[in-house]
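Novice: sharing a model prediction with you, sequence too.
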Amino acid sequence: MTTAETLTQTKTRGRTLKLLTRFLPYYKPYINVLLADLFCAALTTVCEIVLPLIVRQITNAGIEDPASLTTRMILTTGGVYLLLRIIDTAANYYMSSVGHIMGSKIEADMRRDMFDHLQKLSFRFFDNTKVGQIMSRITSDLFDVTEFAHHCPEEFFIAGIKIIVPFVILCSYSISLTLIVFAIIPPMLLTASYFNNQMREAFRRQREQVGEINARVEDSLLGVRVVRSFCGEEIEKEKFHEGNSIFLAIKKFSYKVMGAFSSSNRMFDGIMYITVVVVGSFFIRAGKIHVAELTAYLLYVSTLMTSIRRIVEFTEQFQRGMTGIERFFQILDEPIEIKDEPGATPIENVRGEIVFDNVSFSYGEGGEEVLSNISFRINPGEHIAIVGPSGSGKTTICNLIPRFYEPTAGRILLDGRDIRTITLESLRKNIGMVQQDVYLFAGTVAENIAYGSPGATMDEIREAARLAGALEFIEKLPNGFDTYVGERGVKLSGGQKQRISIARVFLKNPPILILDEATSALDNESERLVQLSLRKLAEGRTTLTIAHRLTTIRNATRILVLTERGIEEEGTHDELMAKGGIYSELYKMYTDIE
């Protein structure tokens, strides 16, 4: 083995030990179940170890004094073993049922912790991570943890008993033969360790590729309308076939490693048996061991090999479980970038004054700045509109106010308080957002309107729908407010989805409103209806509008013109049109297109 391979194996063992140390606390709530499971494992092991002793006793009696094999002795021996088998059966039932349930509970606990952690991660993490990969980690990666959590302590505990106890008993028969047989175990374990590392890597690559396939399928199915409209079925098939082929190649490699692993262990298995037979025969001839002892010896070696074989077979499961645990902790190790600062407190009686004080922002370290030293003030109850070319940072401003991202420099104030000193929950409860890309959850209309307002009554939901101009079309749906909207609201039109999202904000009733190009994707009729709802929603609230259709912001209190150079113009619609600058050109260009 090369130095590089030795270092790699050392690092792998160190990583495995570290992962196991971090995984152990998940056993804490179930420690009594685990101890009972190990006790049952000990009982089943005792039953197996007793059999060779019974065989040795009967064989000795049969060879040396057949008359001692009385009916009473035979029946007593058989009765004792039958009792042990009854105990073994009960213990095995506990291990197979309650033990597996414990593993399932640990898996559920880990899935809960992962989901909880995902809810705290910043948008930056989701910007750089495929949803399919996340889904793979939270589902299939943890499936193997159930078996791992149950069998890992159990198998190693049983193996320890089956190796130590037979070793002591066999040494009482013949120390020399025992040492010869046990000398075969180290090279066997070294070989197993080599293939273990290869299997670990293969399983890790399998998990990653499953995530890629999930991401590809999700992307293709969610975009199925685009695929069909552009006749892209063959392109999608080719992409899927490529990912599927890579997965097949990885599985082929893993099965070759598993085959070599299994074959090498069968070889060592045979070597150990033939060693006992050959060396034992010479020892019998030399009078160093009795025939009955060799018979018991073979049975104990069989027990030993069964134990080693179980560990070998468990190795595959062990590596799958460790791969799942490793990928689990990779998610949990993702830093929570945006969280309550020490000493953060809720904000009450929000007036809605927002100040950007020399705010800069870039996506990722060393990335190009999207905003650079931006400063402006929104007074309580004021309606501010931000316009400008794509890429100037309009949506970024919207995302910075509720702390979806953190500024790389500068600060943002709400009613004179740095928003980092306000608890996230309190900050976001006081902000309502209506975006261009409306997301409705797979549920009923009522559930989607009430999202974010748990405990809202049906009357409150209806009133919010009425204020949003959505009540009329909702009542015409097949089941009214109980109508299932489909995944992402696919059963509703764009205007209907948008009005439901506005009703959601009406029900929340926040003092601050952010409208991020809320009507840019709608047809003229839908836009007119939604604009009426938005005007009603904005009354009495501090409102920030990101506008694509410039005709919708003519009545804004102030309009800020944002470009790559920062805020270049500021004023009312009439003031900016009279100035004849950037806004005037954008407005004329837009109305000419209209």
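Specialist: Nice, thanks for sending it over.

Novice: going forward, measure contacts and count neighbours with C-alpha atoms only.
Specialist: Fine.

Novice: and residue 479, how many neighbours?
Specialist: Using other C-alpha atoms under 10 Å, residue 479 is surrounded by 12 other residues.

Novice: and the gap between residue 426 and residue 456?
Specialist: 19 Å (C-alpha to C-alpha, to the nearest Å).

Novice: what does residue 204 give?
Specialist: In terms of C-alpha to C-alpha, residue 204 sits 46 Å off from residue 456.

Novice: of the two, who's got more company?
Specialist: residue 204 (21 against 16).

Novice: so what does the one helix or strand that one maps to touch, helix or strand wise?
Specialist: Using DSSP states H and E, residue 204 sits within helix 185-222. Judged by 3 or more C-alpha pairs under 8 Å, 6 or more residues apart in numbering; DSSP states H and E, helix 185-222 is in contact with helix 131-138, helix 233-285, helix 291-332.

Novice: not counting sequence-adjacent ones, nearest residue to the spatially most central residue of the chain?
Specialist: By C-alpha atoms, centre = their mean, the mean C-alpha position of the chain lies nearest to residue 138, the distance being 3.0 Å. Nearest residue to residue 138, sequence neighbours excluded (C-alpha to C-alpha, 6 or more residues apart in numbering): residue 111, at 6.0 Å.

Novice: okay, now the one you found: neighbour count?
Specialist: Neighbours of residue 111 (other C-alpha under 10 Å): 19.

Novice: hang on, it packs against residue 140?
Specialist: No. In this structure, residue 111 is not within contact of residue 140 by C-alpha atoms under 8 Å, at 10.6 Å.

Novice: can you give me the strands in the protein?
Specialist: 354-362, 369-378, 383-387, 409-414, 417-418, 431-435, 512-516, 542-546, 558-563, 566-571 (DSSP state E).

Novice: skipping its backbone neighbours, what lies nearest residue 284 in space?
Specialist: residue 290 (6.2 Å).

Novice: can you check residue 315 too?
Specialist: residue 196 (7.1 Å).

Novice: and what of residue 209?
Specialist: residue 247 (6.0 Å).

Novice: what residues are up against the one you found?
Specialist: 206, 209, 210 (C-alpha atoms under 8 Å, 6 or more residues apart in numbering).

Novice: the last one contacts residue 136, correct?
Specialist: Yes. Distance between residue 210 and residue 136: 6.9 Å, which falls inside the contact criterion (C-alpha under 8 Å).

Novice: name the residues that touch stretch 508-519?
Specialist: Taking C-alpha under 8 Å, 6+ apart as the rule, stretch 508-519 contacts 350-352, 395, 398, 429-437, 452-453, 498, 527, 530-531, 538, 540-549.

Novice: using PDB, write down the CA coordinates of that stretch.
Specialist: The C-alpha coordinates for stretch 508-519 follow below in PDB (Å, rounded to 0.1, in the frame of the first residue of the first chain):
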ATOM      1  CA  LYS A 508     -51.500  39.700   7.600                       C
ATOM      2  CA  ASN A 509     -52.200  43.500   7.700                       C
ATOM      3  CA  PRO A 510     -48.500  44.700   7.900                       C
ATOM      4  CA  PRO A 511     -47.500  48.400   8.200                       C
ATOM      5  CA  ILE A 512     -44.900  48.000   5.400                       C
ATOM      6  CA  LEU A 513     -45.700  46.800   1.900                       C
ATOM      7  CA  ILE A 514     -43.200  45.700  -0.800                       C
ATOM      8  CA  LEU A 515     -44.500  45.200  -4.300                       C
ATOM      9  CA  ASP A 516     -41.900  43.600  -6.600                       C
ATOM     10  CA  GLU A 517     -43.100  43.900 -10.200                       C
ATOM     11  CA  ALA A 518     -46.400  42.500  -9.000                       C
ATOM     12  CA  THR A 519     -48.300  43.000 -12.200                       C
END
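
Novice: coming back round to it: and the helices and strands packed on helix 185-222: which comes nearest residue 368?
Specialist: helix 131-138 (25.4 Å; C-alpha to C-alpha).

Novice: and the closest one, what's buried?
Specialist: 131, 132, 133, 134, 136, 137, 138 (16 or more other C-alpha atoms under 10 Å).

Novice: mean confidence score for it?
Specialist: On average, the pLDDT along helix 131-138 is 78.

Novice: helices or strands up against that helix?
Specialist: Under the contact criterion of 3+ C-alpha pairs under 8 Å, 6+ apart, helix 131-138 touches helix 71-120, helix 185-222, helix 291-332.

Novice: how far off helix 233-285 does the shortest one point, in degrees?
Specialist: In this case it means helix 185-222. Per axes from the mean of the first three to the mean of the last three C-alpha atoms, to 10 degrees, the angle that helix 185-222 makes with helix 233-285 is 160 degrees.

Novice: now do the buried residues in helix 185-222.
Specialist: 185, 188, 191-193, 195-200, 202-217, 220.

Novice: of all the helices and strands packed on helix 185-222, which lies closest to residue 555?
Specialist: Of all these, helix 131-138 comes closest under C-alpha to C-alpha, at 40.2 Å.

Novice: now do that closest one and helix 185-222, the angle between them.
Specialist: Using the same axes, to 10 degrees: helix 131-138 against helix 185-222 is 140 degrees.

Novice: mind exporting the C-alpha coordinates of helix 131-138 to CSV?
Specialist: Taking Å, rounded to 0.1, in the frame of the first residue of the first chain, the C-alpha atoms of helix 131-138 are listed here in CSV:
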residue,chain,number,x,y,z
VAL,A,131,-33.6,21.5,-4.8
GLY,A,132,-33.2,17.9,-6.1
GLN,A,133,-30.0,17.5,-4.2
ILE,A,134,-31.6,18.8,-1.0
MET,A,135,-34.6,16.4,-1.5
SER,A,136,-32.2,13.5,-2.0
ARG,A,137,-30.5,14.3,1.3
ILE,A,138,-33.7,14.7,3.3
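
Novice: what are the contacting residues of it?
Specialist: 111, 114-115, 207-208, 210-216, 218, 324, 327-328.

Novice: quick one: least confident of those?
Specialist: residue 218 (69).

Novice: residue ranges with poor pLDDT in the stretch 101-250 of the chain?
Specialist: Low-confidence segments of the stretch 101-250 of the chain, defined by pLDDT under 70: 218, 221-231.

Novice: circling back: dump the buried residues of helix 131-138 to TSV, plus distance to residue 574.
Specialist: Listed next are the buried residues of helix 131-138 as TSV, based on distance: C-alpha to C-alpha, whole Å:
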residue	distance to residue 574
131	46
132	49
133	51
134	50
136	54
137	55
138	54
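
Novice: so which of those residues comes closest to residue 408?
Specialist: For the buried residues of helix 131-138, the nearest to residue 408 is residue 131 (26.3 Å; C-alpha to C-alpha).

Novice: and the gap between that closest one and residue 440?
Specialist: Counting by C-alpha to C-alpha, the gap from residue 131 to residue 440 is 17 Å.
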